[in-house]
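mind folding the following:
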Amino acid sequence: QVQLVESGGGLVQAGGSLRLSCAASGRTVSSYAMGWFRQAPGKEREFVAAISWSGASTYYGDSVKGRFTISRDNAKNTVYLQMNSLKVEDTAVYYCAANTKVLSMVRAVYDFWGQGTQVTVSS
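Model (predicted):
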């Protein structure tokens, strides 16, 4: 089993930045594809970004392209999400996820999920 714990969320003004971290334990995730998803109140959980096991390939949701960057440090068993130029509409609970199969934007592909961290962007 893999346990994922997100951190780094908080309250930030529009235009600001935050960096989220996702620390994995229980098993090394160096061979896993990792992703970030988010869920705003009353909305479906949506894809934000994903990264291959090596870090060589990344995917981004259209709404965050050019503003967010996903990265990973396999030696630390940790994945990051650097969020710049934050907008009010980025407000959501952000979830880290891992899967053993494939780099994907599809929520159902992911086997393991963290509990989430709240990001609130104020105007």
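
so the residue lying closest to Trp36 once chain neighbours are set aside versus Gly55, what's the distance?
Nearest non-adjacent residue to Trp36, counting by C-beta to C-beta, 6 or more residues apart in numbering: Val48, 4.3 Å away. For every residue, glycine as well, the C-beta is placed using N, CA and C. Separation of Val48 from Gly55 (C-beta to C-beta, to the nearest Å): 17 Å.

go on, Gly15?
28 Å.

okay, the two: which has more neighbours?
The neighbour comparison of Gly15 against Gly55 (other C-beta atoms under 10 Å) goes to Gly55, with 15 against 11.

so that one touches Thr78, yeah?
No: assessed by C-beta atoms under 8 Å, Gly55 is found out of contact with Thr78, at 11.9 Å.

who's in contact with stretch 81-88?
12-20, 22, 36, 48-49, 64, 67-71, 90, 94, 119, 121-123 (C-beta atoms under 8 Å, 6 or more residues apart in numbering).

sheet partners, orientation included, of the helix or strand harbouring Ala24?
In this assignment (DSSP states H and E), Ala24 forms part of strand 18-25. According to DSSP bridges, strand 18-25 forms sheet pairs with strand 3-7 (antiparallel), strand 78-83 (antiparallel).

helix or strand next in line after the shortest one, which one?
Looking back up the chat, that one is strand 3-7. According to DSSP H and E, the helix or strand after strand 3-7 is strand 10-13.

tell me what that following strand is packed against?
strand 117-122 (3 or more C-beta pairs under 8 Å, 6 or more residues apart in numbering; DSSP states H and E).

count the neighbours of the residue nearest to Trp36 for me.
The burial count for Val48: 25, using other C-beta under 10 Å.

with Ala97 instead?
Neighbours of Ala97 under the rule other C-beta under 10 Å: 25.

confidence score at it?
At Ala97, the model reports a pLDDT of 97.

that older thread, who's in contact with the helix or strand hosting the residue nearest to Trp36?
Val48 is part of strand 46-51 when elements are defined by DSSP H and E. Strand 46-51 is contacted from outside by 33-39, 57-61, 64, 68-72, 79, 81, 94, 103-107, using C-beta under 8 Å, 6+ apart.
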